[in-house]
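1. the sequence and its predicted three-dimensional model are supplied below.
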Amino acid sequence: MINTIKENFNRALYALIFSIITIGTLSFLEFETPYGLFLAGSFGSSMVLLFGYPESPFAQPKNVFFGHLVTSIVGVLILKFLPIDQFLQIAIAVGLGIFVMIILGVTHPPAGGNPIVIIVGAYSYDFLLNPIIFGSIIIIVYAIILNRFILKKNYPSSWKS
């Protein structure tokens, strides 16, 4: 029991520290530089997986990057090419985004929220580059630094030690 509490505390502490560092970096790039958007709401929940549960298949870099990318592409395409009520666009885009992630084998649950943000915010293709592509890359780099190099975990799990 003591070991479990200690393990949970350590997991939570590393997740706290690296979530602050990662979201802080993205926030700094968004608010303190002229480079544009670097934050997506779904990135906050990505922190739970990448820093709290990096052994999960949903936390692997391929899933993080492509999960965010495909759901965002679906959101933009539905917004641009399906001229129906917004509530229907959101419902269809979320469902279709989940379908595509599962079909492609790149499921990352936090990415399921991207179509909602895109449709409500009326974002365009620019949103795919910034924050989705660049933000995902920054998140993945920090996850590799923490999990592979600091904690010495087998992360990404497909890499050989």
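-> That came through, no problem.
2. for residue 51, give its distance to residue 12.
-> 9 Å (CB to CB, to the nearest Å). Yep, even glycine has a C-beta here, placed from its N, CA and C like the rest.
3. tell me how many other residues surround residue 61.
-> Residues lying near residue 61 (other CB atoms under 10 Å) number 21.
4. hmm, it is touching residue 141, no?
-> No - taking CB atoms under 8 Å as the definition, residue 61 is not a contact partner of residue 141, at 9.3 Å.
5. what's the following helix or strand after whichever strand or helix holds residue 4?
-> Using DSSP states H and E, residue 4 sits in helix 2-31. Next helix or strand after helix 2-31 toward the C-terminus (DSSP H and E): helix 41-47.
6. extract the C-alpha trace of that next one and format it as CSV.
-> Output of helix 41-47 as CSV, limited to C-alpha atoms (Å, rounded to 0.1, in the frame of the first residue of the first chain):
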residue,chain,number,x,y,z
GLY,A,41,-8.1,22.8,-25.3
SER,A,42,-7.6,19.1,-26.0
PHE,A,43,-3.9,19.5,-25.3
GLY,A,44,-4.7,19.8,-21.6
SER,A,45,-6.2,16.4,-21.5
SER,A,46,-3.3,15.1,-23.6
MET,A,47,-1.1,15.9,-20.6
